[in-house]
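J.: What would the 3D arrangement of this be:
(one chain, ligands or ions: 3)
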Amino acid sequence: MNLELQTLSWAQAASFKTDALVVLVSKAAKLETGLIANMLAQAEKSGDFSSAAGQCMLWWKPPGLNALRLVLVGVGEGRATDVRTGVTAAINALKKSKTASVTLCLSAQVAEHLVVAAQAAADATYVYTATKPSAKALSIDKVVLGVPSASAAKADFALAQAQVAGVALAREWGNRPANHATPNHLAQAAKQLAKHARVSCEVLGLKEVERLGMGSFAAVSQGSAQPLRFIVLHYKGAAATQAPVVLVGKGITFDTGGISLKPGPGMDEMKFDMCGAASVLGTFEALAHLKPSLNVVGLIPACENMPGGKALKPGDVVTSMSGQTIEILNTDAEGRLVLCDALTYAKRFKPRAVIDIATLTGACVIALGHLRSGLYATDEALAAQLLAAGEQSLDLCWRMPLDDEYAEGLKSNFADVANVADRSAGSVTAAKFLQRFTKDYPWAHLDIAGSAWKSGAAKGATGRPVPSLLAYLMAQTPLADKPAKRSAKTATKRR
Ligand code: BES
Ligand code: MN
Ligand code: ZN
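T.: Residues are numbered from 1 along each chain as shown. Ligands and ions are numbered 1, 2, ... in the order given. From the prediction side, this is the model:
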């Protein structure tokens, strides 16, 4: 997606040459004057248009305008969610046409939602082509963001570009089928990222993983013909003395359940079981664009979970890198088994915070559906920062509990811990399992099983939670770095 920033009032928009001009109309938009304002007034008077969020009206060759198409779209009160609804509806209305470039005109009332508008446009125009190149023919590949002052929007525009690129990368890797997104493919993608300044990458194979004592991670992989990869990414934007944030992404490139085999229907969706890993790759892509003064480490334990003659069996006991032994009662609870060793590995970076991101439990989907990711945290400040980052970027999460009583069911007669408890509170007991490996640093866990992809006709990865991870990280940078050289007034009413 090509994004451009442009100073564009409604009056200037009338003479702006573009395939499609999309004008966002909030309830306060009546203040505008000129040709477009007159058209709006007439359309509203005749009852053809209202500024309710998502209401669209489309003209072809609108008289007096330089644009080939004009879309007026309502954005209601002009809140961030209204802007997202409006931009999505407008782009969808243009999809049937041969539109290659779209210009969004954001008036002063909604210009503060530039990042949201850009992301909504990018999401609505995204086309998966890796294994379906024919889909490319019908795509909008350029979006111009028109705002009252391009210079005032510069920092937000930089964030928009970075976030859009990061989400696109996460969606791309999430969507690729498992035979086109093996652990080795993910490692190659990470190495590509290392071509950016400040980013470096190291990939470990089975030998090194075994030498590190990652018996739990290696055990999940042992039934697969695809070799595992442990991917270590570094983003170095600050002095080496500055403690990094570590992001850990679950990278199960396909989850059959193993010997505790999953049922057939819908199993294809377990190609998305590496969306946590994809979100780490996407976040690094965005960091490479924004270059904040921060240190970030990305860890991705990547492997398949397969049945077979060499596969792990229910009842097997493995030894994790932490030294704790684990009784594997269900081979389908594999995410926690790969994450626990990555969480132990994270210790060596003396991190200021560790956040793992995982499509961990079906139970989290039952609890929170597809809107909010599950957030678990052992540190109040970290929890508050992630919740705020989610609200700011419209990539929501919800705090879940970590009471010790929830860990009761993880007791084992044959190992230090079992990998599953009974069915109740399944997302919480998974988090309690992980927590045993995170005693040395502030830790948060995002269960993205419900938010990382969509099923049904819109089946595909969402790129979440790249927006909130990025918002969280950018809020960690020294003040001078922040994409806000804006006044205190606009800063407080942002999004
Ligand atoms: N990757 C799945 C979780 C999942 C399932 C995400 C469905 C989204 C939709 C994970 O590895 C898994 O299989 N979890 C089990 C845990 C259970 C065996 C305790 C689950 O949720 O059923
Ligand atoms: Mn599983
Ligand atoms: Zn899984």
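J.: Next, the closest residue to ligand 2 within the chain: phi, psi?
T.: Residue of the chain nearest ligand 2, by CB to the ion: residue 332 (3.9 Å). Glycine gets a C-beta too; all of them are placed from N, C-alpha and C. Dihedral angles of residue 332 (phi, psi; degrees, to the nearest 10) stand at phi -80, psi -10.
J.: and residue 373, what is it in contact with?
T.: Taking CB atoms under 8 Å, 6 or more residues apart in numbering, we find residue 373 in contact with 364, 390, 395-398, 446-448, 450-451, 464-465.
J.: Buried by neighbour count, from those: which ones?
T.: Among these, those buried by neighbour count (16 or more other CB atoms under 10 Å) are 364, 390, 395, 396, 397, 446, 447, 448, 450, 451, 464, 465.
J.: Need the pLDDT of the residue lying closest to the last one once chain neighbours are set aside.
T.: This points to residue 465. Nearest residue to residue 465, sequence neighbours excluded (CB to CB, 6 or more residues apart in numbering): residue 395, at 5.2 Å. pLDDT for residue 395: 98.
J.: wouldn't residue 395 be in contact with residue 472 here?
T.: No: in terms of CB atoms under 8 Å, residue 395 does not count as a neighbour of residue 472; the distance is 10.0 Å.
J.: Determine the residues that are contacts of both of those two.
T.: The overlap between the contact sets of residue 395 and residue 472 (CB under 8 Å, 6+ apart) consists of residue 389.
J.: The stretch 251-400 of the chain: helices as residue ranges?
T.: Assigned by DSSP state H, counting those that start in this stretch, the stretch 251-400 of the chain shows helices spanning 275-290, 335-346, 362-368, 380-393.
J.: from those helices, which stretch is densest packed?
T.: Most buried of the helices of the stretch 251-400 of the chain by mean neighbour count (mean count of other CB atoms under 10 Å) is helix 275-290; its value is a mean of 29.
J.: do that one and ligand 1 meet at all?
T.: No: using CB under 6 Å from any ligand atom, helix 275-290 stays clear of ligand 1, coming no nearer than 9.3 Å.
J.: Kindly report the domain assignment for the chain.
T.: 2-150, 176-484 (automatic domain parsing).
J.: From the chain's centre, how far out is the longest one? Work that out for me.
T.: Centroid displacement of domain 176-484 relative to its chain, using CA atoms, centre = their mean, to the nearest Å, is 13 Å.
J.: Could you pick out the residues of the chain near ligand 1 for me?
T.: 255, 273, 330, 332-335, 359-363, 365, 420, 426, 449.
J.: Make a ChimeraX selection of the buried ones in the residues you listed.
T.: The ChimeraX command for the buried members of these (criterion: 16+ other CB under 10 Å) is given here:
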select :255,273,332,333,334,335,359,360,361,363,365,420,426,449
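J.: Among the residues of the chain next to ligand 1, find me the one that's closest to residue 245.
T.: Taking CB to CB as the measure, residue 245 lies nearest residue 360 of the residues of the chain next to ligand 1, at 20.0 Å.
J.: still on that earlier bit, TSV for the helices of the stretch 251-400 of the chain, including distance to ligand 2?
T.: TSV is the format used below for the helices of the stretch 251-400 of the chain (distance: least, CB to the ion, whole Å):
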stretch	distance to ligand 2
helix 275-290	13
helix 335-346	6
helix 362-368	9
helix 380-393	24
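J.: The stretch 1-150 of the chain: strands as residue ranges?
T.: 2-7, 20-25, 56-60, 69-74, 101-105, 142-147 (DSSP state E, counting those that start in this stretch).
J.: So which of the ones you listed is the most surrounded?
T.: Comparing these by mean neighbour count (mean count of other CB under 10 Å), strand 20-25 comes out on top with a mean of 28.
J.: Just the CA trace of it, in PDB.
T.: Output in PDB follows, covering the C-alpha atoms of strand 20-25 (Å, rounded to 0.1, in the frame of the first residue of the first chain):
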ATOM      1  CA  ALA A  20     -11.800   8.600  -6.300                       C
ATOM      2  CA  LEU A  21     -12.300  11.300  -3.700                       C
ATOM      3  CA  VAL A  22     -13.700  10.200  -0.400                       C
ATOM      4  CA  VAL A  23     -14.900  13.000   1.800                       C
ATOM      5  CA  LEU A  24     -15.400  12.200   5.500                       C
ATOM      6  CA  VAL A  25     -18.500  14.000   6.700                       C
END
